[in-house]
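# Next one to model:
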Amino acid sequence: MGTGPGLGVSGRIPFEETDFIFAIIGEELGLLGSTAVLCAFLLMAGTGLRIAQRSIDEFMSLLAVGLTTLLATQAFIIIAGVTRVLPLTGITLPFVSYGGSSLLANYVLLALLIRISDQAARRIAQPAVAP
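Just a heads-up that it's a prediction; the model follows:
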């Protein structure tokens, strides 16, 4: 179950706010918290791919796949780096790590995905007009 929010031992893990935030989540929230973070990223990736599948325009579909792949790959690389499956690269965990420019870029990424989803929903909702 972990030590509890805010009760982790400070200073034992270097760069805990940026690079090793997933290790801190595992220490403080335990297996349940780590699994919740992984499930959140899987849900975001699945939703992004579903947006790409429902998109009518081919360019928007490819853009949605690319943005989703970027988000999922970034999360996979940092989680694999913290668990020592891959070498740590220094990128941040999207929406979790401390970093203003990374957070802003990820919000722009989500805004683009929402815009693509909205455009696809509006095209589906419009009735077909006969010429």
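# List the buried residues in stretch 58-69.
Within stretch 58-69, the residues that count as buried by 16 or more other CB atoms under 10 Å are 60-61, 63-65, 67-68. In short, each C-beta sits where N, CA and C put it, glycine included.
# Model confidence at Ala111, what's the number?
What the model reports as pLDDT for Ala111 is 95.
# What strand or helix carries it?
Secondary-structure assignment from DSSP states H and E places Ala111 in helix 100-125.
# about what we covered before: between the buried residues of stretch 58-69, which sits nearest Ile77?
Thr68 (14.9 Å; CB to CB).
# element containing that closest one?
helix 58-82.
# now the angle between helix 58-82 and the helix holding Ala111, please.
Orientation of helix 100-125 against helix 58-82 (axes from the mean of the first three to the mean of the last three CA atoms, to 10 degrees) gives an angle of 140 degrees.
# ok, and for helix 100-125, which residues are buried?
By neighbour count with 16+ other CB under 10 Å, helix 100-125 contains the buried residues 102, 106, 109, 113, 116-117, 120.
# Greatest separation within these: which pair is it?
Comparing every pair within the buried residues of helix 100-125 by CB to CB identifies Ser102 and Ala120 as the most remote, at 27.4 Å.
# Which elements pack onto the helix holding Ala111?
helix 21-54, helix 58-82 (3 or more CB pairs under 8 Å, 6 or more residues apart in numbering; DSSP states H and E).
# per-residue confidence at the closest residue to Val37 other than its chain neighbours?
Distances taken as CB to CB, 6 or more residues apart in numbering place Ile25 nearest to Val37, at 5.8 Å, with adjacent residues excluded. Reported pLDDT at Ile25 in the predicted model: 82.
# same check, this time on the one 10 residues further on
The pLDDT attached to Thr35 in the predicted structure is 92.
# hang on, the earlier thing: thinking the residue nearest to Val37 is in contact with Ser34, fair?
Yes. Proximity of Ile25 to Ser34 meets the contact threshold set by CB atoms under 8 Å, at 5.8 Å.
# Need the residues touching each of those two.
Both Ile25 and Ser34 lack any common contacting residue under the criterion CB atoms under 8 Å, 6 or more residues apart in numbering.
# rewinding a little: TSV for the buried residues of stretch 58-69, including pLDDT?
Formatted as TSV, the buried residues of stretch 58-69 follow (pLDDT from 0 to 100):
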residue	pLDDT
Met60	92
Ser61	93
Leu63	94
Ala64	95
Val65	96
Leu67	95
Thr68	95
